[in-house]
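Q: Next input, structure requested:
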Amino acid sequence: MKLFTFPYAFGTDGVYYELEKELSHKINVENMNYPGHGKRIQDKLLYSLEEIASDAINTIKTTNEDYALLGYSMGAKLCCEIVRQLQGTCYRQPKHLFLLASPPPSKNERISKNDEIGLQEACLILGKMGNTPKEILESKEFMEFFHPIVQADAKVLGSYYYSEWPFQTLDIPATIISGHQDNAEENEKAWKTFFPTDAPCDFLRFDGDHFFLFEQKENVSLLKEVILSKLF
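A: Numbering: from 1, shown residues only. Okay, here's the model as predicted:
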């Protein structure tokens, strides 16, 4: 079994390092980077979730084993878009979706009122949403380097919207996990509306806020147990 993981906006494959260690004895984990992020920093940035999904599918469709998708925040919406694009094709479909810390694609997440985000606003956005250390935010050199990435991911989030799940039925099981302090009840209600009423969905809540998985180490172990229970 293989698990493809997708980070939150502005994140890289490194955010899942601890989870990969927990799962490595049972699951082949492939932590994905978005074009222009992390180890793919030389690749051209993309400005729509549809394009990022198509890029990810180029990797996913080469796998010869059963697999699942896990996405955090923007990554959760990306998982939905990947499934949308795979539906009706000859390619292998995922066995499970793990959708963390995100409302469904029926809720638009525009994080800036401005079409072009300045350097100062980019710093504020990272401080609020990026789970970024203070010393990095105060580095002018880092912020100038990271500024285009913030602009790209903000456009990705602000432009992606689907009012309802585009399929009559959803036969891929999904596990939706929210932090107790991260609008959990509101997000769950939105997901229930987004999925068909007979969709095989489970809803869980972990202690913490939007970055519950990265702020509380015990949540990594809890997530590991959830993943193993759903896939085996």
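Q: what's near enough to touch the spatially most central residue of the chain?
A: Central residue of the chain (C-alpha atoms, centre = their mean): G75, 1.4 Å from the mean position. G75 is in contact with T5, F6, P7, Y8, G11, L100, S102, counting by C-beta atoms under 8 Å, 6 or more residues apart in numbering. Just so you know, the C-beta spots here come from the backbone N, C-alpha and C atoms, and that holds for glycine as well.
Q: what about burial for the residues you listed, which qualify?
A: T5, F6, P7, Y8, G11, L100, S102 (16 or more other C-beta atoms under 10 Å).
Q: okay, the contacts of G75 in TSV with secondary structure, pLDDT and distance to E135 next?
A: Output for the contacts of G75, formatted as TSV (DSSP: H, G, I helix; E, B strand; the rest coil; pLDDT from 0 to 100; distance: C-beta to C-beta, whole Å):
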residue	secondary structure	pLDDT	distance to E135
T5	strand	98	26
F6	strand	98	27
P7	coil	96	21
Y8	coil	94	20
G11	coil	90	18
L100	strand	97	27
S102	coil	94	28
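Q: ok so L204 is a strand residue?
A: Yes. Assessed with DSSP: H, G, I helix; E, B strand; the rest coil, L204 lies in a strand.
Q: thought it was touching I176?
A: Yes. Shown here, L204 and I176 form a contact pair, counting by C-beta atoms under 8 Å, at 7.3 Å.
Q: okay, those two: which has more neighbours?
A: I176 (26 against 15; other C-beta atoms under 10 Å).
Q: Helix, strand, or coil at that one?
A: strand.
Q: L49 and K189: what is the separation?
A: Using C-beta to C-beta, to the nearest Å, L49 is found at 23 Å from K189.
Q: Where does F98 sit: helix, strand or coil?
A: The three-state assignment at F98 reads strand, by three-state DSSP.
Q: I figured it was touching A68, is that so?
A: Yes. F98 is within contact range of A68, at 6.7 Å (criterion: C-beta under 8 Å).
Q: thinking again about what came up before, what about the residue nearest to the centre of the chain, helix or strand, and which?
A: Using DSSP states H and E, G75 falls within helix 74-86.
Q: Show me which positions of that helix end up buried.
A: In helix 74-86, counting by 16+ other C-beta under 10 Å, buried: M74, G75, A76, K77, L78, C79, C80, E81, I82, V83, R84, L86.
Q: average pLDDT across that helix?
A: Averaging pLDDT along helix 74-86 gives 94.
Q: now the buried ones among the contacts of G75 as CSV including distance to L126?
A: Below are the buried ones among the contacts of G75 laid out as CSV (distance: C-beta to C-beta, whole Å):
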residue, distance to L126
T5, 21
F6, 19
P7, 14
Y8, 11
G11, 11
L100, 20
S102, 18
